[in-house]
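In: Return atomic coordinates for the entry below.
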Amino acid sequence: MNQAKLTQDAIQLLCDLIEIPSFSGEESQTADCIQDWFSAYNVKTQRIKNNVFAFNKHHDPNKPYLLLNSHHDTVKPNKAYTRNPHKAEIHEGRLYGLGSNDAGGALVCLIALFTYFYEHKNLSYNLVIAATAEEESSGPNGLNSLLEELPEIAVAIVGEPTQMQLAIAEKGLVVFDAVVKGTPGHAAHPNNDNPIIKSVDVIQWFEKLKFDKVSDTLGPVKLTVTQIAAGSQHNVIPAQVQMVLDVRVNDCYTNEEIAEIVGQAPCTVVPRSLRLGSSSINKNHPLVQAGISMGLNTYGSPTLSDQAALSCPSLKLGPGDSKRSHTADEYIYVHEIEEAVALYIQLLEQVL
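Out: Sure, this is the predicted structure:
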């Protein structure tokens, strides 16, 4: 297979995807586009809702499965855009457009990688490509729903912008709703049970809360109070104060353990979900060792991805820079895509 042509076709695919709006839950047309691209390469795809997936041509059910996954949904563009977010434009080596960096670049590179190996025989792993939906919204119809239809996955590469460095661990996320209760009343009268005053002590309790276990790759657990709301009018003491906590979980704790610790707070605390756990892969795994032998660095990622849906060892790896994600006038360098396809192929040649 001509690697150079495959790479250029992948760049054109990214341009096509940028020009099709694909907000989370609205990815039907980008799913069509991806299927059409595969069809041009005679790759047989399957589809469940807006998730497109395929197996390598000579896959053997007796071999382990290696999943290549990235998403084709995007967030909505912010108001600071100066360019048309749905217009793919290359200027001074930058490919501009919504979703170009997060995670269109990684997606098309993984699609090219899968296509490169599609007809190879006698591979050590079966390859599965999954271009999935609803990653940005952690929705119910994304990778998490597709996994139920796939064979057991032994290991996965999740395509996200990591500057093609090896993210061998990723923090999980638990969002909590906290409520400080008090006694409502008229502001003109004494009240020793004002929940707004009580919430100061609760916030300080959260600020002082320490999680003893610190991860070598992900560092400490990070708890942040991100929202607070109370009151309806100036002369009424409210019955309660509502707060939201964002907790980024390292690989030393389960989300259930975090919920038990945070639940000791002097207020009511309820987790919204416990399913977005931390992810990791052993540094000695052949996939990681192959990357290290190529001169790639390892690190722990603070941002959440579809790794949270996986229970198998998983590596986050892709072109682009996470700091560009969700920014105005999002872009990825064309050379990043070209280099990523070559690096992905070199990596898997050592493992397959």
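
In: In contact with K181, which residues?
Out: 195, 239-240, 267-268 (Cβ atoms under 8 Å, 6 or more residues apart in numbering). In this view, the C-beta of every residue, glycine as well, is placed from N, C-alpha and C.

In: do that again at 10 Å, thanks
Out: Applying Cβ atoms under 10 Å, 6 or more residues apart in numbering to K181 gives the contacts 193, 195, 198, 238-241, 267-268.

In: Can you tell me which of these are classed as buried?
Out: Neighbour-count burial (16 or more other Cβ atoms under 10 Å) applied to those gives 195, 198, 238-241, 267.

In: Buried residues of stretch 22-30, list them for me.
Out: 22-25, 27, 30.

In: Where does pLDDT dip in the chain?
Out: Applying pLDDT under 70 to the chain flags no residue at all.

In: any idea how this protein splits into domains?
Out: By the assignment in automatic domain parsing, the chain contains the domains 3-170+278-351, 172-271.

In: Considering the buried ones among the contacts of K181, which is situated nearest to E152?
Out: C267 (41.5 Å; Cβ to Cβ).

In: What is the nearest of the buried ones among the contacts of K181 to T82?
Out: Nearest to T82 among these: V241, at 39.6 Å, using Cβ to Cβ.

In: Can you point out the helix or strand that includes the closest one?
Out: strand 240-249 (DSSP states H and E).

In: And for L347?
Out: Applying DSSP H and E, one finds L347 within helix 334-351.

In: Count the neighbours of the nearest residue to S280 once chain neighbours are set aside for me.
Out: Once flanking residues are discounted, S280 sits nearest to A169: 4.1 Å by Cβ to Cβ, 6 or more residues apart in numbering. By the criterion of other Cβ atoms under 10 Å, A169 has 26 neighbours.

In: Pull the contacting residues for A169.
Out: Contacts of A169 by Cβ under 10 Å, 6+ apart are 215-219, 250-251, 278-281, 283, 298-302, 307, 314-316.

In: Kindly recompute the last result at 6 Å.
Out: Residues counted as contacts of A169 (Cβ atoms under 6 Å, 6 or more residues apart in numbering) are 217-218, 251, 280, 300.

In: Okay, it and V200: tell me how far apart.
Out: A169 is 35 Å from V200, where distance means Cβ to Cβ, to the nearest Å.

In: repeat for S124
Out: 59 Å.

In: partner strands of the strand holding V241, parallel or antiparallel?
Out: Sheet pairing of strand 240-249 (DSSP bridges) gives strand 172-181 (antiparallel), strand 222-230 (antiparallel).

In: Check the ones you listed for me and report the most buried one.
Out: strand 172-181 (a mean of 20; mean count of other Cβ atoms under 10 Å).
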